[in-house]
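Asker: okay, here's the prediction I keep looking at, along with the sequence it came from:
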Amino acid sequence: MNYELYMRAALAESAAAAATGERADGAVAVLGEAMVAHGREQVVSAGDPTAHAVVVVLREAARRLGRASLSGVTVFCAVEPCAMCVGALLQSDADGVVYAAADPVEGAAGSCLQLADTDLLPRRLHVVSGILQADAADLRPDLRNGRAAMKRDFARLR
Ligand SMILES: [Zn+2]
């Protein structure tokens, strides 16, 4: 599997999301060697707080494949998925997730929480991280500021 090829496609989706005023996050779903779905963050444009790139790409992949179980599918995303997105990946039966940049505040595939690979849940995801990490960091400078700065930003929103 050509990890960099698929991650470049996810990063292109991230850049497209940022260009429309969304948080820069994008994803592609891969089955075998084929990209079966593309998705990008749509929270602002759809007015939907659950429209993260991973959720969007899982919905599109299920629609295109005509099945709710996405076994055999690996999702590539720019940023480590949050708890909701890891939950959606587990519920979809996806095989795994590959991400570029870790998210120290909300990442649920090992950075902040570990939901992707735990004895506490019946399903597990194969996780690969750090593919094209520097390119993703350019798209999401907020991830570089570290946990303390991001928590400060969240506090200001409340
Ligand atoms: Zn998410």
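Answerer: Right, received. Where do you want to start?
Asker: okay, buried residues for the longest helix anywhere in the chain please.
Answerer: Scanning the chain for the helix with the most residues, using DSSP state H, yields helix 3-19. Neighbour counts over helix 3-19 (16 or more other CB atoms under 10 Å) mark 3, 6, 7, 8, 9, 10, 11, 13, 14, 17, 18 as buried. Any C-beta I mention is one placed from the backbone N, CA and C, and that applies to glycine too.
Asker: all helices for this protein, in order.
Answerer: Applying DSSP H to the chain gives helices spanning 3-19, 43-46, 53-65, 83-92, 133-139, 146-157.
Asker: between those, which gets the lowest average pLDDT?
Answerer: Of all the helices of the chain, mean pLDDT reaches its minimum on helix 146-157 (a mean of 62).
Asker: hmm, residue 94 is touching residue 68, no?
Answerer: No: using CB atoms under 8 Å, residue 94 makes no contact with residue 68, being 11.5 Å away.
Asker: look at the two and report which has more neighbours.
Answerer: residue 94 (25 against 11; other CB atoms under 10 Å).
Asker: what residues does this structure put near the ion?
Answerer: Residues of the chain found near the ion (CB under 5 Å from the ion) are 52, 82, 84, 85.
Asker: among the helices of the chain, which comes closest to residue 125?
Answerer: helix 83-92 (5.7 Å; CB to CB).
Asker: contacts for stretch 29-40, please.
Answerer: Contacts to stretch 29-40, defined as CB atoms under 8 Å, 6 or more residues apart in numbering, come from residues 1-2, 6, 9, 13-14, 16-17, 22, 25-28, 53-61, 63-65, 70, 72-76, 94.
Asker: now that we have the residues you listed, which of them are buried?
Answerer: Applying 16+ other CB under 10 Å to the contacts of stretch 29-40 flags 6, 9, 13-14, 17, 22, 25-28, 53-58, 60-61, 65, 70, 73-76, 94 as buried.
Asker: contact partners of stretch 17-27?
Answerer: Residues contacting stretch 17-27 (CB under 8 Å, 6+ apart): 10-16, 38-45, 52-54, 56-57, 75-79, 139-140.
Asker: could you tell me the end-to-end distance of that stretch?
Answerer: Across stretch 17-27, the terminal residues are separated by 11 Å (CA to CA, to the nearest Å).
Asker: for stretch 119-131, list the C-alpha coordinates in CSV.
Answerer: C-alpha atoms of stretch 119-131 as CSV (Å, rounded to 0.1, in the frame of the first residue of the first chain):
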residue,chain,number,x,y,z
ASP,A,119,-8.9,-4.4,25.6
LEU,A,120,-11.9,-2.5,26.8
LEU,A,121,-13.7,-2.6,23.5
PRO,A,122,-14.6,-5.5,21.2
ARG,A,123,-13.1,-4.1,18.0
ARG,A,124,-9.6,-2.7,17.3
LEU,A,125,-8.0,-0.6,14.6
HIS,A,126,-4.6,-1.0,13.1
VAL,A,127,-3.0,2.5,13.6
VAL,A,128,-0.1,3.9,11.6
SER,A,129,1.0,7.5,12.4
GLY,A,130,3.5,10.1,11.1
ILE,A,131,3.1,9.7,7.4
